[in-house]
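K.L.:
curious how this folds, go ahead:
(one chain, ligands or ions: 1)
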Amino acid sequence: MFTESVRRRHDIIDSLRSDPQADVAIIGGGIYGISTLRELALAGVKAILAERGDYAGGSSASSSHLIHGGIRYLENGEVRLVKESLIERNRLLDNAPHYVKPLGTTIPIFSTFSGIVAAPLRLLTHKAFSTNERGAVLIKIGLVLYDLFGRKNGTLPAHEFHGRKKSLKHYPAMNRDVLYTAHYSDACIEQPERLAVELLADALATGDHVRSVNYVEAVSTTPEGELVLRDRLSDATLTLRPKVIVNASGPWVDLTNRALGRKSNYMGGTKGSHIVVDNPALHDACRGREVFFENNDGRIVLILPLLGKVLVGTTDLPIDNPGNASCTEEEIDYFIQLAGHVFPDIPIERSQIVYRYTGVRPLPAAGDLTPGVVSRDYRITIDQVGSTSMLSLVGGKWTTFRALGEHLGESALDLLGRTREHSTIDTPIGGGVDFPRTNTERSQWIEQHCGTLSAERMDQLLSRYGSTAASLAAEIGDSAETALKTLPGYTAQEVLWLVRREWVATLSDLTHRRTPLAFTGQLTSAARNELAKLVGTELGWSAQERRQQAAAAASGLSD
Ligand SMILES: Cc1cc2nc3c(=O)[nH]c(=O)nc-3n(C[C@H](O)[C@H](O)[C@H](O)COP(=O)(O)OP(=O)(O)OC[C@H]3O[C@@H](n4cnc5c(N)ncnc54)[C@H](O)[C@@H]3O)c2cc1C
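P.N.:
Numbering: from 1, shown residues only. Take a look at the predicted model:
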């Protein structure tokens with residue numbers, strides 16, 4: 001007998017089999033595939049999305065959690081991208097306030113002028129040559145532009161420059177060689193993978209014309225331009241008949257095109273890793289701000305207090321096969337060394353690393369350019385497979401997913417002979433709908449929706465899921481919650497609510513993407529076993545499968 005979640009997946013697969021026609025088939029359920037699906041859904045287009053792993057489990061799960069203009073990109077001359085990113089950042093602060101939060105950022109500066117000579121040359125030639133630490137003058141120019149585009153009608157503070165004395169007063173643990181610190185406003189996203197899944201839920205809620213399935217891979221096309229999919233959980237094959245294919249498979253765009261019979265060399269991805277450390281002294285030393293530091297050899301490290309831990313990243317290394325990316329011991333040495341340069345008296349011990357992750361940026365192929373200066377902007381290409389048109393997305397960043405989804409959606413509409421008539425610029429996402437902003441609104445909201453739950457528990461759920469927490473509270477109703485033995489603060493009802501609503505098919509979907517349990521280092525071996533039992537009962541796993549799922553969910557952990 002199928003449980004509720006398993007039946008829902010069977011129903012989608014059956015519906016794809018009985019009705020394989022679609023205006024648009026999207027390959028890839030990263031943030032861009034999902035954003036494009038939402039745009040098409042709102043335009044009433046009959047669309048299908050197929051993701052071969054879990055939603056937002058590719059590049060979209062490997063970000064530095066910044067929703068930012070990208071001050072560095074100004075140095076590469078990418079003014080259009082920075083402007084668009086700042087607009088999108090500000091829209092996300094309004095549309096997804098449950099996960100996207102304002103973030104003060106500080107750049108410690110150890111020289112006055114370096115970088116200023118290299119920058120204009122790079123801007124003109126876009127050629128690779130070594131970078132220098134960005135000097136105070138260059139950073140000042142960048143921040144003036146940043147303020148010009150992104151102050152959100154003055155609601156975000158303008159940038160400030162502090163001399164050595166004030167800098168050390170504010171950051172007593174900082175390297176005493178610092179000459180200045182630059183401070184400016186940006187934003188961070190606490191749970192990017194959750195936002196992606198909530199965006200998907202919004203798209204699917206528009207009606208039956210939109211369908212989506214994870215763990216289904218696009219494997220080939222027929223000579224007639226039909227798209228052949230393989231269900232990776234059952235090994236069954238499905239054939240879709242779309243009018244347009246959108247290849248939103250991120251760093252895998254060329255590999256997907258090749259599988260579909262269309263050779264391309266659009267991509268030149270670079271690998272980036274992160275570590276998450278449990279180091280309270282480092283957390284406190286950041287004073288709640290991101291500290292973004294560039295060494296005098298051009299290497300960059302960001303130190304970001306997040307969800308009670310500290311995220312340290314990232315690298316930018318060329319890689320041929322996105323499937324081979326992993327966080328190496330050398331990268332960890334590098335993070336420890338550079339973070340130690342900023343806060344010399346607060347060493348990061350390897351034993352403090354609770355989680356590590358790696359991903360590949362879906363960057364365009366860029367010849368001999370050094371990875372750090374390759375454009376983060378995006379473009380859309382068009383090819384034919386049989387008689388079907390195929391759009392491929394090259395490049396992009398998390399921050400600009402809405403604008404890019406809009407462009408990609410528009411390009412697909414164009415091929416269908418239609419035009420876009422709506423805009424998502426002001427559309428709240430998932431638990432961002434009616435999200436209470438002030439303390440008073442928050443207390444009122446909690447009182448209104450908590451039912452029999454305590455105010456503290458409702459507050460916790462509101463922080464985790466935004467206003468969607470109301471539906472969890474309603475589902476719990478009058479029944480007493482069963483707290484998990486190994487994870488205080490989580491209950492069986494909450495976990496099953498996630499599994500049933502959010503297309504959980506493996507334990508890692510739950511532990512790494514629907515919740516921040518892996519990221520925050522809460523996923524002990526006992527916790528994995530308890531969750532495997534609970535989720536396994538819902539999804540019908542055998543005892544052996546539960547053991548395998550619990551073992552696989554150790555990925556990235558420091559156990
Ligand atoms: C280290 C790093 C740090 C970053 N930091 C930031 C940041 O701080 N801020 C920011 O704005 N951006 C950041 N980015 C960029 C951002 O994460 C990506 O640009 C964005 O997530 C790309 O989304 P996507 O949907 O194009 O790709 P993906 O998320 O990779 O989605 C593509 C999906 O396609 C699926 N797929 C592949 N082949 C097939 C197939 N044949 N059939 C079906 N599905 C398939 C994959 O499984 C994958 O889930 C960072 C990226 C990296 C790697």
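K.L.:
give me the neighbour count for Pro344.
P.N.:
13 (other Cβ atoms under 10 Å). Quick note: C-beta positions are derived from backbone N, CA and C, even for glycine.
K.L.:
tell me the pLDDT at it?
P.N.:
Looking at Pro344, its pLDDT is 96.
K.L.:
so it, which of the three states?
P.N.:
Of the three states, Pro344 takes coil according to DSSP: H, G, I helix; E, B strand; the rest coil.
K.L.:
ok, it - contacts?
P.N.:
Shown in contact with Pro344 (Cβ atoms under 8 Å, 6 or more residues apart in numbering): Asn175.
K.L.:
how near is it to the ligand?
P.N.:
Applying Cβ to the nearest ligand atom, to the nearest Å, one obtains 26 Å for the distance of Pro344 from the ligand.
K.L.:
so what's Thr511 up against?
P.N.:
Neighbours of Thr511 in contact, by Cβ under 8 Å, 6+ apart: Leu517, Ala518, Leu523, Arg528, Leu531, Ala553.
K.L.:
can you do 10 Å?
P.N.:
For Thr511, the contact set (Cβ atoms under 10 Å, 6 or more residues apart in numbering) comprises 487, 504, 517-519, 522-523, 527-528, 531-532, 535, 549-550, 552-557.
K.L.:
same question for Ala403.
P.N.:
Ser35, Glu84, Ser85, Ile87, Glu88, Arg91, Tyr378, Gly396, Thr424, Ile425.
K.L.:
just the buried residues from the contacts of Thr511, in PyMOL please.
P.N.:
Selecting only the buried entries of the contacts of Thr511 in PyMOL, with 16 or more other Cβ atoms under 10 Å as the criterion:
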select buried, resi 487+504+517+518+519+522+523+527+528+531+532+535+549+550+553+554+556+557
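K.L.:
of the contacts of Ala403, which belong to strands?
P.N.:
Tyr378 (DSSP state E).
K.L.:
now list the buried members of the contacts of Ala403.
P.N.:
For the contacts of Ala403, buried by 16+ other Cβ under 10 Å: Ser35, Glu84, Ser85, Ile87, Glu88, Arg91, Tyr378, Gly396, Thr424.
K.L.:
quick one: what helix or strand has the closest residue to the last one other than its chain neighbours in it?
P.N.:
Put plainly, it is Thr424. Counting by Cβ to Cβ, 6 or more residues apart in numbering, Thr424 lies nearest to Arg402, which is 5.8 Å off, once chain neighbours are set aside. Secondary structure from DSSP states H and E places Arg402 in helix 401-415.
K.L.:
cool, and Phe161?
P.N.:
Per DSSP H and E: strand 160-163 holds Phe161.
K.L.:
average pLDDT for the helix holding Arg402?
P.N.:
Mean predicted lDDT for helix 401-415 stands at 97.
K.L.:
in the following helix or strand past that helix, what counts as buried?
P.N.:
Going down the chain from helix 401-415, the next helix or strand is helix 439-449, by DSSP H and E. Going by neighbour count (16+ other Cβ under 10 Å), the buried part of helix 439-449 is Trp445, Ile446, His449.
K.L.:
out of those residues, flag the one nearest to the ligand.
P.N.:
In terms of Cβ to the nearest ligand atom, no member of these lies closer to the ligand than Trp445, at 29.2 Å.
K.L.:
which non-adjacent residue is nearest the closest one?
P.N.:
Pro436 (4.2 Å).
K.L.:
contact partners for the one you found?
P.N.:
Counted by Cβ under 10 Å, 6+ apart, Pro436 has contacts Pro97, His98, Arg442, Ser443, Gln444, Trp445, Ile446, Gln448, Leu462, Gly466, Ser467.
K.L.:
for the nearest residue to Val312 once chain neighbours are set aside, give me its contacts.
P.N.:
Nearest residue to Val312, sequence neighbours excluded (Cβ to Cβ, 6+ apart): Phe335, at 4.7 Å. Contact analysis of Phe335 by Cβ under 10 Å, 6+ apart lists 273-275, 277, 301-303, 312-315, 327, 348, 353, 356.
K.L.:
again, only this time at 8 Å
P.N.:
Ile275, Val301, Val312, Gly313, Ile348.
K.L.:
likewise for Ile34?
P.N.:
Counted by Cβ under 8 Å, 6+ apart, Ile34 has contacts Leu49, Tyr55, Ala56, Ala196, Leu199, Leu200, Ala203, Gly405.
K.L.:
circling back: just give me the closest of the buried ones among the contacts of Ala403 to the ligand.
P.N.:
Gly396 (4.7 Å).
K.L.:
tally up the residues packed near the residue of the chain found nearest the ligand, please.
P.N.:
The chain approaches the ligand most closely through Gly30 (2.0 Å), counting by Cβ to the nearest ligand atom. For Gly30, the count of nearby residues is 28 (other Cβ under 10 Å).
K.L.:
can you say which helix or strand has Asp383 in it?
P.N.:
Here Asp383, judged by DSSP H and E, is contained in strand 378-385.
K.L.:
give me the contact list for that strand.
P.N.:
221, 225, 245, 257, 260-262, 264, 266, 364, 389-396, 400, 404, 407-408, 411, 415.
K.L.:
in helices, which of those residues appear?
P.N.:
Asn257, Leu404, His407, Leu408, Ser411, Leu415 (DSSP state H).
K.L.:
domain map for this protein?
P.N.:
7-59+193-266+376-415, 64-190+269-361, 436-552 (automatic domain parsing).
K.L.:
ranking the ones you listed by mean pLDDT, which is last?
P.N.:
Looking at the domains of the chain, the weakest mean confidence is domain 64-190+269-361, a mean of 86.
K.L.:
up against the ligand, what does this structure have?
P.N.:
27-33, 50-53, 57-60, 62-66, 217-218, 248-252, 256, 272, 314, 359-362, 396-399 (Cβ under 6 Å from any ligand atom).
K.L.:
narrow these to those in strands?
P.N.:
Ile27, Ala50, Glu51, Leu66, Glu217, Ala218, Gly272, Gly359, Val360, Arg361.
K.L.:
any chance of those in a markdown table, plus neighbour count?
P.N.:
Listed next are these as a markdown table, based on neighbours: other Cβ atoms under 10 Å:
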| residue | neighbour count |
| --- | --- |
| Ile27 | 28 |
| Ala50 | 26 |
| Glu51 | 27 |
| Leu66 | 26 |
| Glu217 | 17 |
| Ala218 | 23 |
| Gly272 | 24 |
| Gly359 | 25 |
| Val360 | 23 |
| Arg361 | 25 |
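K.L.:
coming back round to it: return the most buried member of the domains of the chain.
P.N.:
Ranked by mean neighbour count, the domains of the chain are led by domain 7-59+193-266+376-415 with a mean of 21 (mean count of other Cβ atoms under 10 Å).
K.L.:
span of that domain from start to end?
P.N.:
35 Å (Cα to Cα, to the nearest Å).
K.L.:
next: stretch 484-498.
P.N.:
15 Å.
K.L.:
helices and strands around the lengthiest helix in the chain, which ones?
P.N.:
Longest helix in the chain, counting residues (DSSP H): helix 79-95. In terms of contacts (3 or more Cβ pairs under 8 Å, 6 or more residues apart in numbering; DSSP states H and E), helix 79-95 is packed against strand 66-67, helix 71-75, strand 100-109, helix 136-150, strand 180-189, helix 401-415.
K.L.:
I'd like those laid out as TSV, including distance to Val6.
P.N.:
Below are the helices and strands packed on helix 79-95 laid out as TSV (distance: least, Cβ to Cβ, whole Å):
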stretch	distance to Val6
strand 66-67	35
helix 71-75	45
strand 100-109	33
helix 136-150	46
strand 180-189	31
helix 401-415	30
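K.L.:
quick one: closest of these to Phe343.
P.N.:
strand 100-109 (9.6 Å; Cβ to Cβ).
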